[in-house]
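A.B. asks: Let's see this in three dimensions:
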Amino acid sequence: MSSTSTEKKGHHQWSYLEGEFVEAKDAVLPITTQAFNYGTSVFEGIRGYKSHSDGQVNIFRLDEHINRLHQSASILMINDLPDQQALKEIIQSLLHRNHTSGDCYIRPIAYKRNLLPGSGFGVKLSGVSSGLSVNSLDMQTYVKQDGLTCTISGWRRVADNAIPARAKITGSYVNSALAMEAAMNGGYNDAIMLNHSGYVAEATTSNVFIVKNKKLITPPVTANILEGITRDTVITLAKQYLDLTVEERDILPSELLTADECFLTGTGVEISPVSKIDFHHLRSTDNDSIAIKIKTVYQKIVRGELSDYNHWLTSIYSINN
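C.D. replies: Purely as a prediction, here's the structure:
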């Protein structure tokens, strides 16, 4: 299908579904889809940013996101996804068709579809066909910029031996939704969840960093966390660009209540300083805080203002269409 002159810039009229570009309003699946019934799908959240210098839209760390999608899919035995380059071209082509000209969000989902012939009824991964969809939309910063308030949640982060933490499995986000709803009902913006060992894991859809004595501390990958791409970005920048000490170690909940600063990281929330955890006020939003320094550097990188990190940017115009 080709785009028409009646399309509006930024409207994101097109989606990709099972091998074809279709109008977003027609990108639908039957209610019998296995992923809808059992939560057996994986996804990525990917952002594109408009460059301040040339107005070009670049996708941030696209290769790493696609690699993680493949890893997540393999855990659910979704083994027939397009390869790395083909998926990149699908995403870039979709943004072309949607005349993307500003900040955007891209959501690829790989999912279990239908039982194969001869496969008996039941909840399983083998004997089930797979599908792929990709949609996009305009997205600016949507998280509070003057400091989030968080509470330590009573809901525990799902253990890796229950639902693999390093895979972005849709069904596992019920856990996040319950914690977020409880936090919002208590007047907070987000919740910080503990794992079953009682250590800090992550917020509902983001990784957690604290600052104590000018050291950056974040839970290790063994704490039942998603290995966040923005988390990795922050660790890299802290060490290489800001010359900070970074510790990846278990964090007790009481450390949250004695920290100097705290901030959340993720594709959606970007770098979001936390101004208060329960009754403890933090200095995360001070002009000279480490959180603000990292947030400032991050925004420069995604906008193409620090050439040393341009290898993390993929132009939507870098393929032949």
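A.B. asks: make it CA atoms for all contacts and neighbour counts henceforth
C.D. replies: OK.
A.B. asks: any low-confidence regions in the stretch 51-200 of the chain?
C.D. replies: Along the stretch 51-200 of the chain, segments meeting pLDDT under 70 span 142.
A.B. asks: could you redo the last one with a cut-off of 90?
C.D. replies: Scanning the stretch 51-200 of the chain with the threshold set as pLDDT under 90 gives 52-55, 117-122, 139-146.
A.B. asks: The stretch 101-250 of the chain: strands as residue ranges?
C.D. replies: Along the stretch 101-250 of the chain, counting by DSSP state E, counting those that start in this stretch, strands occupy 104-115, 128-138, 148-152, 190-194, 200-203, 207-212, 215-218, 246-248.
A.B. asks: partner strands of the longest one, parallel or antiparallel?
C.D. replies: Strands flanking strand 104-115 in the sheet, each with its direction: strand 41-43 (antiparallel), strand 46-50 (antiparallel), strand 128-138 (antiparallel) (DSSP bridges).
A.B. asks: Which of those sits closest to S206?
C.D. replies: S206 lies closest to strand 46-50 among the strands paired with strand 104-115, at 13.6 Å (C-alpha to C-alpha).
A.B. asks: For the closest one, give me every contacting residue.
C.D. replies: With C-alpha atoms under 8 Å, 6 or more residues apart in numbering as the test, strand 46-50 has contacts from 56-60, 62, 65, 101-107, 267-268, 302-303.
A.B. asks: Run the chain-centre distance for it.
C.D. replies: 12 Å (C-alpha atoms, centre = their mean, to the nearest Å).
A.B. asks: quick one, helices of the stretch 51-200 of the chain?
C.D. replies: For the stretch 51-200 of the chain, applying DSSP state H, counting those that start in this stretch gives helices covering 62-75, 84-97, 173-185.
A.B. asks: how about these, which one is nearest S130?
C.D. replies: Nearest to S130, of all the helices of the stretch 51-200 of the chain, is helix 62-75, at 9.9 Å by C-alpha to C-alpha.
A.B. asks: possible to save the helices of the stretch 51-200 of the chain as a markdown table with mean neighbour count and distance to S284?
C.D. replies: As requested, those are arranged in a markdown table below (neighbours: other C-alpha atoms under 10 Å; distance: least, C-alpha to C-alpha, whole Å):
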| stretch | mean neighbour count | distance to S284 |
| --- | --- | --- |
| helix 62-75 | 19 | 28 |
| helix 84-97 | 18 | 35 |
| helix 173-185 | 17 | 20 |
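A.B. asks: With distance to P164 added, can I get these in TSV?
C.D. replies: Converted to TSV, the helices of the stretch 51-200 of the chain look like this (distance: least, C-alpha to C-alpha, whole Å):
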stretch	distance to P164
helix 62-75	8
helix 84-97	22
helix 173-185	12
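A.B. asks: So which of these is nearest G131?
C.D. replies: helix 62-75 (10.9 Å).
A.B. asks: that older thread, closest one to S307 among the helices of the stretch 51-200 of the chain?
C.D. replies: helix 62-75 (17.0 Å).
A.B. asks: by contact count, what packs against the closest one?
C.D. replies: When contacts are defined as 3 or more C-alpha pairs under 8 Å, 6 or more residues apart in numbering; DSSP states H and E, helix 62-75 packs onto strand 41-43, helix 84-97.
A.B. asks: For Y298, which three-state class applies?
C.D. replies: Recorded secondary structure, Y298: helix (DSSP: H, G, I helix; E, B strand; the rest coil).
A.B. asks: so how far is Y38 from I109?
C.D. replies: For I109, the distance to Y38 (C-alpha to C-alpha, to the nearest Å) stands at 15 Å.
A.B. asks: And these two? Which one has more around it.
C.D. replies: Set I109 next to Y38 and count neighbours by other C-alpha atoms under 10 Å: I109 wins out with 21 against 13.
A.B. asks: which residues does the residue nearest to N67 when sequence neighbours are not counted contact?
C.D. replies: Of all residues not flanking N67 in the chain, Q84 sits nearest, at 7.1 Å (C-alpha to C-alpha, 6 or more residues apart in numbering). Q84 sits next to 63, 66-67 when contact means C-alpha under 8 Å, 6+ apart.
A.B. asks: mind running it again at 10 Å?
C.D. replies: 62-67, 69-70 (C-alpha atoms under 10 Å, 6 or more residues apart in numbering).
A.B. asks: Could you single out the nearest of those residues to H196?
C.D. replies: Looking across those and measuring by C-alpha to C-alpha, the closest to H196 is L69, at 26.0 Å.
A.B. asks: Am I right that that closest one is in contact with E44?
C.D. replies: Yes - distance between L69 and E44: 6.2 Å, which falls inside the contact criterion (C-alpha atoms under 10 Å).
A.B. asks: shared neighbours of the two, which are they?
C.D. replies: 108-110, 167-169.
A.B. asks: Which of these ranks first by neighbour count?
C.D. replies: Neighbour counts for those, by other C-alpha under 10 Å, peak at A110, which reaches 27 neighbours.
A.B. asks: F209 pairs with what?
C.D. replies: Beta-bridge partners for F209, by DSSP bridges, are F263.
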